[in-house]
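> Here is my input; please provide its structure:
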Amino acid sequence: MTELGWWTVVPPLLAIACALITRQVILSLFMGIWVGWTILARNPLTGLADALQSLIDVFADGYNTKVILFSALVGSLITLTQRSGGVAGFVRWMQSLNLGKTHRSASLVAFFTGTAVFVESSITCLVVGSVARPLSDKVKMAREKLAYICDSTSAPICILIPLNAWGAYIMGLLRTEDVENPLLLLFESIPLNFYALIALGVTFGVAVTNFNVGGMKKAEKRAREEGKLLRDDAIPMMSTEITALEPKPGITDNKWNMLIPIFTMIVMMPAGLYITGRSSILASESEMNITFFNIMSEGSGSTAVYWAVLAAIAVAAVMYLVQRIMNLHEIFEMILKGAGGLMPMAIIMMLAFALGATCKALGTGDFVAEFGSQFLKGAFVPGVLFLLACFIAFSTGTSWGTFAIMIPIGVPLAEGTGAGLAVAIAAILGGGVFGDHCSPISDTTVVSSMATACDHIDHVKTQLPYALACAAVALVLYLIAGAVVAA
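Got it, this is the predicted structure:
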């Protein structure tokens, strides 16, 4: 076990606690980074210097840089589609179909859009925000509610439909553990992924019944009675200059000016994975077969989302030039305006990546996994694996990192104790998804707040009661499943 012991979990927990208490996300994340490097250096001044350097080092990783650029360029796509009349045309079209006219209808549009787009969690959040936010604003739905629906149909649906970047990544991890048929195992784990299934079921129930608890109840009452989509002192993750941008005067609203760029982005995501994956296999000297799943497993998710948003912006620009809605000067003005409006989100993303690197240097995930493995015995294996994955993902903000830590522990443990490989893998995947979709330092949580123009901490606080309730039920089911398999 790492020599730093429990000190390894102090930085991420400090960052999360400070963010929830002070609502100052940027400051809280930096405090966590500084404390982490101070623990390593045993000197606050050296720790400060190392913390500042870690922010620069974020951009040494191409993955991080592409994701941050993608996040900023999302703002460019939103401003273009709004200024072109695409968003206004889409809202009018949806209402002509009697969709999105009521609170329930707008909620269901958000839910079904989220479940239909399962190529990648960030893309899911972006599409749900783009499609549902104009409708939800019309019916006075609190932004916290839309952010909850957006977030709860991103990671959960991506993990349940393995024909995407998530599935490819997990199959790659399983392959390294000498699992005979990773795809079959992944499919066997789907009905046992209790957390993801329950989270989606509860989200659907909330959309249909408008059942609200805690902070969500207050937020919905505020929106309904006062017409305030956000609380008075809220700091939305997207500038009001973007969310309140009106269509260019004199143009005709046209839904296709929004739908075609969004569709381009959706299509380009798996296409980017395929192109980068095939290139990676051909460029390597490995003997890996060129099959669809091997290609997707080797694809670069960061490159795919980066290409996807660039392609969507390019298609939008060409469409608007052909229609003479905007000239080149106006298009680039909107691109820069949109990217500038999302700079706070890009900064938070940078800090979240830096905190993740800090946790890796401290050995946070390894310590928690090693500590918990002492208690992994027989029937309790699935339940304890689920709790460990939940804690690691919530404290580090990454489900994929959690999978990388826990799958090498879970596979041999399940095989050695007879706990059942499918249920063990499902527990790990479910726990990783819990942290990914409700940790305040998760990129998916950040993107959900951004896509719905919600205050980030308000989103986290109002979502947590639902997520914790789902996790509690899932834990009970994993303990029952473990006992059944062990028997």
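
> residue contacts, the residue nearest to Lys101 when sequence neighbours are not counted?
Nearest non-adjacent residue to Lys101, counting by CB to CB, 6 or more residues apart in numbering: Gln95, 5.6 Å away. In short, each C-beta sits where N, CA and C put it, glycine included. Gln95 makes contact with Lys101, Leu135, Lys138, according to CB atoms under 8 Å, 6 or more residues apart in numbering.

> Okay, and which of the residues you listed map to helices?
Leu135, Lys138 (DSSP state H).

> And the contacts of Gln95, which of them are buried?
By neighbour count, with 16 or more other CB atoms under 10 Å, the contacts of Gln95 hold Leu135 as buried.

> Quickly name whichever of the contacts of Gln95 is closest to Ser152.
Leu135 (17.6 Å; CB to CB).

> Tell me the first helix or strand C-terminal of the lowest-mean-pLDDT helix or strand in the chain.
Least confident helix or strand of the chain, by mean pLDDT, DSSP states H and E, is helix 240-243 with a mean of 58. Next in sequence after helix 240-243, counting helices and strands by DSSP states H and E, comes helix 256-283.

> Report all helices and strands that that following helix contacts.
helix 62-83, helix 86-96, helix 121-138, helix 165-176, helix 292-298, helix 301-322 (3 or more CB pairs under 8 Å, 6 or more residues apart in numbering; DSSP states H and E).

> Quick check: phi and psi on Pro236?
phi -60, psi 150 (degrees, to the nearest 10).

> Dihedrals phi and psi, the residue nearest to it when sequence neighbours are not counted?
Spatial nearest neighbour of Pro236, chain neighbours left out: Ala453 (4.6 Å); criterion: CB to CB, 6+ apart. Here is the backbone geometry of Ala453 (degrees, to the nearest 10): phi 60, psi 50.

> Give me the longest helix you can find in this protein.
The chain, longest helix under DSSP H: helix 456-486.

> List the buried residues for it?
456-464, 466-467, 470-471, 473-475, 477-479, 481-482, 485-486.

> which ones are touching Val10?
With contact taken as CB under 8 Å, 6+ apart, Val10 is in contact with Val35, Gly36, Ile39.

> I meant to write Leu282 there.
Applying CB under 8 Å, 6+ apart, the residues near Leu282 are Ile290.

> Please tell me how far it sits from Asn294.
11 Å (CB to CB, to the nearest Å).

> And for Val473?
To Asn294, Val473 is 36 Å away according to CB to CB.

> and what of Met258?
Counting by CB to CB, the gap from Met258 to Asn294 is 36 Å.

> Repeat that for Val484.
34 Å.

> One more: Leu126?
Computed as CB to CB, the Leu126 to Asn294 distance reads 28 Å.

> Who has more neighbours out of the two?
Set side by side, Leu126 and Asn294 show more neighbours around Leu126, with 30 against 20, by other CB atoms under 10 Å.

> Would you mind confirming that the more buried one is in contact with Ala451?
Yes. Using CB atoms under 8 Å, Leu126 makes contact with Ala451 at a distance of 5.1 Å.

> any common contacting residues for those two?
With contacts taken as CB under 8 Å, 6+ apart, Leu126 and Ala451 have Val74 as neighbours in common.

> picking up where we left off before, quick check: mean pLDDT of the longest helix of the chain?
Averaged over helix 456-486, pLDDT sits at 90.

> and that helix, how far out from the chain's middle?
Helix 456-486 has its average C-alpha position 18 Å from the chain's average C-alpha position, going by CA atoms, centre = their mean, to the nearest Å.

> go on, stretch 258-269?
Mean C-alpha position of stretch 258-269 versus that of the full chain (CA atoms, centre = their mean) differs by 19 Å.

> CA atoms only for that stretch - export them in PDB, please.
Provided in PDB are the C-alpha atoms of stretch 258-269 (Å, rounded to 0.1, in the frame of the first residue of the first chain):
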ATOM      1  CA  MET A 258     -29.600  23.400 -36.300                       C
ATOM      2  CA  LEU A 259     -30.400  19.800 -37.100                       C
ATOM      3  CA  ILE A 260     -27.900  19.200 -40.000                       C
ATOM      4  CA  PRO A 261     -24.800  20.500 -38.000                       C
ATOM      5  CA  ILE A 262     -25.900  18.500 -34.900                       C
ATOM      6  CA  PHE A 263     -26.400  15.400 -37.100                       C
ATOM      7  CA  THR A 264     -23.000  15.900 -38.600                       C
ATOM      8  CA  MET A 265     -21.400  16.000 -35.200                       C
ATOM      9  CA  ILE A 266     -23.200  12.800 -34.100                       C
ATOM     10  CA  VAL A 267     -22.100  10.900 -37.300                       C
ATOM     11  CA  MET A 268     -18.600  12.100 -37.100                       C
ATOM     12  CA  MET A 269     -18.000  10.700 -33.600                       C
END
